[in-house]
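Trainee: Give me a model of this one.
(one chain, ligands or ions: 1)
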Amino acid sequence: MTFDPASRVQDYLVFGEFGDVNPSITDSSTYTFLSPERMAELFEHEIEGCFLYSRHFNPTNKYLANALERMEDGESAQVMASGMGAISTTLMTLCGAGNEIICGRSIYGGTYALLKNLLPRFGVTTRFVDLCNHDAVRAAMTPCTRVLYCESLSNPLLEVSDLPALAAIAHEHGARLVVDNTFTPMILSPLRHGADIVVHSLTKFVNGTSDCVAGCVVSSHEFIAQLNDINSGPSMLLGPVLDSTRAASILKNLHSLHIRLRQHGTNALYVANRLAALGYTVHYPGLGNHPQHALLGRLMNPGYGWGGMLTLDAGDHAAANRLMTLMQRDKVGYLAVSLGYFKTLFTTPGHSTSSEIPLEEREAAGLHEGLIRFSIGLDEDIAETMVRIERCLTEARVKPGGSPRI
Ligand code: PLP
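Mentor: Predicted coordinates for the structure are as follows:
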């Protein structure tokens, strides 16, 4: 059955106390109780409509969480101060000393550093594998594995995770499938394909205006209660709480996400097709030659496009730098990390968002030095922008070809 996340978000209605079309923003860290008995009761178990302290939850954050849980077709959600807050607290909820995580080798650098450098200090170890090789994933699972972790569309290599197959492997081994859906909100609904927990960096497409950092976790009632438990929940105890004024602005932006995604996707497909026609090594899941094009076609919700992310291999680092400098000069977009902004953003991941991953591991995964990651913007006239990109390619002496993917 077709799932329509935009309609699910659209039908979520909340008002302010005067019928305001936007809900009132909670401007309080704490809440009064009518009696000491009621206070004690609330600290023992959650009571619908009652709030105990804004690090735990506050009404504005709850509105955003409710909208996101509808978008992802989950039972419950928690919003966070960052995507990394969502990822780290999720993994700390699921894993303790002696447990293992199996993670894709093409992954955001911050997540890699968390798994490789920080979690081992608490006795949680990770093995990084090629998630396209299901035999390798199966072979890596052990009785200590608690989590199989992937990005729905990986950063920066844009590999599509076969969510039903990975969920089946995780569940066969008593583990949970955790999916970072930051690159494909609305396009993919991982919980509907068997994932147990979805995390997002809301900083990116969901918010879309690059004016704040935020994240969320969507899952079952049981998991969100565990994450937020006042005695043992990593969200409650580490405290990555999102400010309510930001939650309110993200909720407003969420309501235009479907329109923005279509424009990002239309523009990215145009640029990808044109670069491919010119003979450049371009990687975009909407192109027929992308290795998981058919898989994404099967899994995706129709009507939101193939996403706004693409990569171009400029051949080497110097050529990539020349091209990015010229594209910034000619107002193609900004030389900046992050993604999902209305302007096009470009970066060389090997020297920025994936620099935490050692060079040998990056090369082995196919993340070459000349790889440029683009987050294509909402340009009204993408053909005109493409003319500028082509001029920059010529002036930067970037040759068609580039390093092949392995
Ligand atoms: N997940 C992915 C795929 C990302 O690209 C990023 C940041 O670039 C994050 C998570 C971390 O999100 P945040 O910067 O909001 O903490």
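Trainee: Enumerate the beta-bridge partners assigned to the one residue in the stretch 101-250 of the chain that gets nearest to the ligand.
Mentor: Here the stretch 101-250 of the chain gets closest to the ligand at one residue, residue 201, 3.0 Å apart by CB to the nearest ligand atom. All C-beta atoms are positioned from the backbone trio N, CA, C, and that covers glycine. When bridges are called by DSSP bridges, residue 201 pairs up with residue 215.
Trainee: can you give me the strands in this protein?
Mentor: With DSSP state E as the criterion, the chain has strands at 76-80, 100-104, 125-129, 145-151, 176-180, 197-201, 215-219, 281-283, 309-313, 333-335, 344-347, 371-375.
Trainee: my read: the residue of the stretch 101-250 of the chain closest to the ligand touches residue 215, true?
Mentor: Yes - using CB atoms under 8 Å, residue 201 is in contact with residue 215, at 5.4 Å.
Trainee: got any residues that touch both of those two?
Mentor: Taking CB atoms under 8 Å, 6 or more residues apart in numbering as the contact criterion, the common neighbours of residue 201 and residue 215 are 82, 83, 84, 86.
Trainee: Filtering these by proximity to the ligand, which remain?
Mentor: 82, 83, 84 (CB under 6 Å from any ligand atom).
Trainee: Most neighbours among those, which one?
Mentor: Top of these by neighbour number is residue 83, holding 23 neighbours under the definition other CB atoms under 10 Å.
Trainee: can you pull the pLDDT of it?
Mentor: Per-residue confidence at residue 83 stands at 98 (pLDDT).
Trainee: Residue 356 too?
Mentor: According to the per-residue confidence, residue 356 scores 87 in pLDDT.
Trainee: Residue 37 too?
Mentor: 91.
Trainee: residue of the stretch 1-150 of the chain with the smallest distance to the ligand?
Mentor: Of all residues in the stretch 1-150 of the chain, residue 83 sits closest to the ligand, at 2.4 Å by CB to the nearest ligand atom.
Trainee: Tell me which residues touch that residue, please.
Mentor: Going by CB under 8 Å, 6+ apart, residue 83 touches 180, 182, 199, 200, 201, 202, 203, 204, 213, 214, 215.
Trainee: Tell me how far it lies from residue 352.
Mentor: Residue 83 sits 16 Å away from residue 352, going by CB to CB, to the nearest Å.
Trainee: do residue 274 as well
Mentor: To residue 352, residue 274 is 25 Å away according to CB to CB.
Trainee: what does residue 62 give?
Mentor: For residue 62, the distance to residue 352 under the criterion CB to CB works out to 35 Å.
Trainee: Specify which residue of those two has the higher count of neighbours.
Mentor: For the pair residue 62 and residue 352, the greater number of neighbours falls to residue 62 (20 against 15), based on other CB under 10 Å.
Trainee: Which pLDDT value belongs to whichever residue of the stretch 251-400 of the chain sits closest to the ligand?
Mentor: The stretch 251-400 of the chain approaches the ligand most closely through residue 353 (5.7 Å), counting by CB to the nearest ligand atom. The score at residue 353 is 84. That number is its pLDDT.
Trainee: so how many other residues sit close to it?
Mentor: Here the count is done by other CB under 10 Å, and residue 353 has 19 residues near it.
Trainee: ok, now residue 198?
Mentor: Neighbours of residue 198 under the rule other CB under 10 Å: 30.
Trainee: Leaving aside the residues adjacent along the chain, what's closest to it?
Mentor: For residue 198, ignoring the flanking residues on the chain, the nearest one in space by CB to CB, 6 or more residues apart in numbering is residue 218 at 4.6 Å.
Trainee: Please look at that neighbour and residue 67 and confirm they touch.
Mentor: No - at 10.6 Å, residue 218 does not count as touching residue 67 under the criterion of CB under 8 Å.
Trainee: what is in contact with the two at once?
Mentor: By CB under 8 Å, 6+ apart, residue 218 and residue 67 have no common neighbours.
Trainee: Looking at the two, which is more packed in?
Mentor: Neighbours were tallied for residue 218 and for residue 67 using other CB under 10 Å; the higher tally belongs to residue 218 (29 against 23).
Trainee: Counting neighbours, which bits of stretch 257-275 end up buried?
Mentor: Of the residues in stretch 257-275, 257-258, 260-275 count as buried by neighbour count, 16 or more other CB atoms under 10 Å.
Trainee: let me redo that: stretch 243-250
Mentor: When neighbours are counted by 16+ other CB under 10 Å, the buried residues of stretch 243-250 are found to be 243, 244, 246, 247, 248, 249, 250.
Trainee: possible to save the residues you listed as CSV with pLDDT?
Mentor: Conversion of the buried residues of stretch 243-250 to CSV gives the following (pLDDT from 0 to 100):
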residue, pLDDT
243, 97
244, 97
246, 98
247, 98
248, 98
249, 98
250, 98
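Trainee: now, among the residues you listed, which is nearest to residue 194?
Mentor: Of all those, residue 194 sits closest to residue 250, with 27.3 Å by CB to CB.
Trainee: wait, doesn't that closest one sit right on residue 205?
Mentor: No - at 11.4 Å, residue 250 does not count as touching residue 205 under the criterion of CB under 8 Å.
Trainee: mind checking the end-to-end distance for stretch 349-362?
Mentor: Separation of the first and last residues of stretch 349-362 by CA to CA, to the nearest Å is 10 Å.
Trainee: How about it, which residues are buried there?
Mentor: Under the neighbour-count rule (16+ other CB under 10 Å), stretch 349-362 has 349, 350, 353, 354, 356, 357, 362 buried.
Trainee: so can I have JSON lines of those residues showing distance to residue 288?
Mentor: Putting the buried residues of stretch 349-362 into JSON lines (distance: CB to CB, whole Å) gives the following:
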{"residue": "349", "distance to residue 288": "24"}
{"residue": "350", "distance to residue 288": "27"}
{"residue": "353", "distance to residue 288": "27"}
{"residue": "354", "distance to residue 288": "27"}
{"residue": "356", "distance to residue 288": "33"}
{"residue": "357", "distance to residue 288": "29"}
{"residue": "362", "distance to residue 288": "27"}
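Trainee: If anything else comes up later, I'll come back, but that's it for now.
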